[in-house]
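*Asks:* Got a sequence here, can you build the structure:
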Amino acid sequence: MKRTRILVTLLATLALLSSSCGSGDKIASVSITAGGQTGTVNLYGLGGTMQLQVMANYTSGKSIDETNFATYMITPEGYQWDQKTLLPTPPYGVQLNNTGMITATADQNGNGVCTWYNANTTSTQLSSPSWFFTGDYTIVATYRGFTSNPIYIPVASGASGQSGQEGICGPSAK
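*Replies:* Numbering: from 1, shown residues only. Down below sits the predicted model:
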């Protein structure tokens, strides 16, 4: 009976140590990306979509996709192409669902949104554009009390009224 008790105690101790109970893996941070893209992104076309991805990054180095379990906050920042018209507040301009899918939507007047401006105003502006964005939708995700880095989404879902642009708004989708 004594041997059985010692064996059970030994096995229980071994199980406890191997499961790392009490020293479990913890979330270190949460990050958000736009569909695996890096650098500047562009939500192109009215009805255009982009999948965001939220990763919980653990102290052990592993990362787990928590996109469907995160909550999102979206804030319009800046202006449309004319650098005067404020961006519409969602669900106008863009809409973001609980699975991290962002969709370009019309503004309150049914028009698309253009947050890009071509700094090249010479005769080569169409063949050699120099795009910069004048506004974006800033998105942060929260998962289990951790807030992600912000991601900035410029939009090209409407025509630009910039002189000489022929309605072109921002870098085209590739």
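
*Asks:* tell me the SS of residue 68?
*Replies:* The local conformation at residue 68, judged by DSSP: H, G, I helix; E, B strand; the rest coil, is helix.

*Asks:* isn't it right up against residue 99?
*Replies:* Yes: shown here, residue 68 and residue 99 form a contact pair, counting by CB atoms under 8 Å, at 5.4 Å. C-beta coordinates here come from the backbone N, C-alpha and C atoms, glycine included.

*Asks:* Between these two, which is the more surrounded one?
*Replies:* Neighbours per residue (other CB atoms under 10 Å) separate residue 68 from residue 99, with residue 99 holding more: 12 against 9.

*Asks:* helix or strand for the more buried one, which one?
*Replies:* Per DSSP states H and E: residue 99 is located in neither a helix nor a strand.

*Asks:* if I look at it, how far off is residue 172?
*Replies:* Separation of residue 99 from residue 172 (CB to CB, to the nearest Å): 26 Å.

*Asks:* Pull up the per-residue confidence for residue 170.
*Replies:* pLDDT recorded at residue 170 is 92.

*Asks:* can you tell me which residues contact it?
*Replies:* Neighbouring residues of residue 170 by CB atoms under 8 Å, 6 or more residues apart in numbering: 42, 44, 114-116, 131, 133, 154, 156, 160.

*Asks:* let's see it at 7 Å
*Replies:* Going by CB atoms under 7 Å, 6 or more residues apart in numbering, residue 170 touches 42, 114, 116, 131, 154, 156.

*Asks:* cool, and residue 147?
*Replies:* Residues in contact with residue 147 (CB under 7 Å, 6+ apart) are 30, 140.

*Asks:* Return the set of residues that bridge with it.
*Replies:* residue 142 (DSSP bridges).
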